[in-house]
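Asker: Predicted model and sequence follow; I will ask about them next.
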Amino acid sequence: MDFVEPAYGRRSLADVLPAVARALGARVGVPPSGLELPDAASYVVFLVDGLGARLLERHAHAAPYLSGLLASSGGPGTAGVPSTTATSLTSLGTGLTPGAHGLVGFTARIPGTDKLLNHLFWDADVDPLEWQPHPTAFATLAAAGVSVTVVNKREFRGSGLTVASSRGGDFVGADKVGERIAAAVTASTTRPSMTYLYDSDLDWTGHRWGVASSQWLQQLAMVDAEAEQLREALPADTRLVVVADHGMVDSPDASRIDVDEHAELLDGVALLGGEARFRHLYCRSGAVDDVLTSWTAVLGDRATVLTRGDAIRRGWFGPVDARVLPRLGDVVVACDGDLGIFSTERFAYEKTLVGLHGSLTPDEMLIPVLVD
């Protein structure tokens, strides 16, 4: 498998805010060993959902500003595992690996139940402060005297994912590009300060139309213009860091498997979680070996199928807290190539998506870490 292992502690998404903190003269978590940022009194961190480093390199002509920063920024970083939004945003916001913060996928089992928690849409019965109890990097920076601002869509204020991943900063609701830029400029005039912006439109376009589409290419050009306008509007001595939470691959119909059409894949599986590119399989008692065997036989070299223990030993999730352990599948399935694993019965909406992410291929795992 041409997989990219997560660069935890060196150049992963979890290392970005600790590096920003050190550049601001503060300290968050363990100082990263492989990510150094220039000293400044003000930083803006702009996360573009779905902007994989490979995608940016491949379509550099559509994003001249961002691609122009590639050569001077020290190479790509990595997402964590799985390479999905909720996991990545929480790694960024806490400075922790997925095995520590506990948001281990798009969906994951609520321990002791037969229910899945969707980390994007959340569940009113699950307290995000209990699900993710660690202090965020935002809160730690604020406690150290740094002015911290989170600029995001109004609908995300107080959401479960926002509370889990980015509590501790002043939330500014901003739905439009102009609002986001203006909010960041205002916040960055305070010293010391760290401002975080999030843009989800490129990811939505990739899911809907695919990363090979003209729609995605046009949206990339718009994101590039937004980033350049942001840089031009910010004070000259404010540093801008542009990152992403994951990349994306297109999965054509011919490369899709529907588990509802393969009864052997559901034998012994009590609950199917994760997402199409990275599945968590929660097994019935005593069925782990049989599930591992059947999934390996059906998927062959199109995916890596591992027990939870083997995935942990490979370091996919970083060190795993005891409370997080049962949220991980007894068996995990990471797709290679453009394979997607679906369930019409359980996750009908996923089958409408063209672009997918979650696995460990370079297109999904490698993210830009661009500094200007």
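Answerer: All right, it came through fine.
Asker: When you work out contacts or count neighbours from here on, use the C-alpha atoms and nothing else.
Answerer: Noted.
Asker: Can you tell me how far the residue in the chain sticking out farthest from the centre is from residue 266?
Answerer: Going by C-alpha atoms, centre = their mean, the residue of the chain most distant from its centre is residue 286, 32.5 Å out. Distance of residue 286 to residue 266, computed by C-alpha to C-alpha, to the nearest Å: 14 Å.
Asker: now do residue 191
Answerer: For residue 191, the distance to residue 266 - C-alpha to C-alpha - is 56 Å.
Asker: Over to residue 108?
Answerer: Relative to residue 266, residue 108 is positioned 17 Å away (C-alpha to C-alpha).
Asker: higher neighbour count, these two?
Answerer: Neighbour totals were compared for residue 108 and residue 266, and residue 108 leads with 27 against 18 (other C-alpha atoms under 10 Å).
Asker: Quickly run through the sheet partners of the helix or strand containing the more buried one, with directions.
Answerer: Element membership for residue 108 (DSSP states H and E) is strand 107-109. For strand 107-109, the pairing partners within the sheet under DSSP bridges are strand 116-118 (antiparallel).
Asker: tell me what the helix or strand following the partner strand is packed against?
Answerer: Where DSSP H and E defines the elements, the next helix or strand beyond strand 116-118 is helix 128-131. On a contact count with 3 or more C-alpha pairs under 8 Å, 6 or more residues apart in numbering; DSSP states H and E, helix 128-131 meets helix 160-166.
Asker: next structured bit after the helix it packs on?
Answerer: On the C-terminal side of helix 160-166, the nearest following helix or strand under DSSP H and E is strand 170-173.
Asker: hmm, who's touching the very next helix or strand once past that next one?
Answerer: Counting by DSSP H and E, the next helix or strand C-terminal to strand 170-173 is helix 177-188. Here helix 177-188 makes contact (C-alpha atoms under 8 Å, 6 or more residues apart in numbering) with 42-44, 149, 151-152, 172, 174, 193-197, 226, 229-230, 233-235, 238.
Asker: rerun at 10 Å
Answerer: The contact list for helix 177-188 (C-alpha atoms under 10 Å, 6 or more residues apart in numbering) reads 41-46, 147-153, 170, 172-174, 193-199, 222-223, 226-227, 229-235, 237-239.
Asker: where along the stretch 1-150 of the chain do the strands fall?
Answerer: Under the criterion DSSP state E, counting those that start in this stretch, strands of the stretch 1-150 of the chain are mapped to 42-48, 77-78, 107-109, 116-118, 147-152.
Asker: Tell me the buried residues within the contacts of helix 177-188.
Answerer: With neighbours counted using 16 or more other C-alpha atoms under 10 Å, the contacts of helix 177-188 contain these buried positions: 41-46, 147-153, 170, 172-174, 193-199, 222-223, 226-227, 230-231, 234, 238-239.
Asker: Which residue lies nearest the spatial centre of this protein?
Answerer: Nearest to the chain centroid, counting by C-alpha atoms, centre = their mean: residue 88, 2.6 Å.
Asker: Residue 356 is in contact with residue 342, isn't it?
Answerer: No - counting by C-alpha atoms under 10 Å, residue 342 is not a contact partner of residue 356; they are 11.4 Å apart.
Asker: In terms of packing, which of those two has more residues around it?
Answerer: A count of neighbours by other C-alpha under 10 Å puts residue 356 above the other of residue 356 and residue 342, at 28 against 23.
Asker: For residue 271, give its distance to residue 7.
Answerer: Using C-alpha to C-alpha, residue 271 is found at 30 Å from residue 7.
Asker: the more surrounded of those two?
Answerer: residue 7 (21 against 18).
Asker: can you tell me how far the more buried one sits from residue 146?
Answerer: Distance from residue 7 to residue 146, by C-alpha to C-alpha: 27 Å.
Asker: circling back to that earlier point, quick one: closest of the strands of the stretch 1-150 of the chain to residue 96.
Answerer: Among these, strand 77-78 comes nearest to residue 96, with 13.5 Å by C-alpha to C-alpha.
Asker: Quick one: list the elements packing against that closest one.
Answerer: On a contact count with 3 or more C-alpha pairs under 10 Å, 6 or more residues apart in numbering; DSSP states H and E, strand 77-78 meets helix 362-365, strand 366-367, strand 369-371.
Asker: what number of residues lie near residue 114?
Answerer: Residues near residue 114, counting by other C-alpha under 10 Å, number 11.
Asker: Pop the domain breakdown of this structure in here.
Answerer: The chain breaks down by automatic domain parsing into domains covering 13-248+361-371, 253-356.
Asker: contacting residues for residue 335?
Answerer: So residue 335 contacts 1, 3, 276-279, 299, 301-305, 341, 357-361 (C-alpha under 10 Å, 6+ apart).
Asker: Please pick the buried ones from those residues.
Answerer: For the contacts of residue 335, a neighbour count by 16+ other C-alpha under 10 Å gives the buried set as 3, 276-279, 299, 302-305, 341, 357-361.
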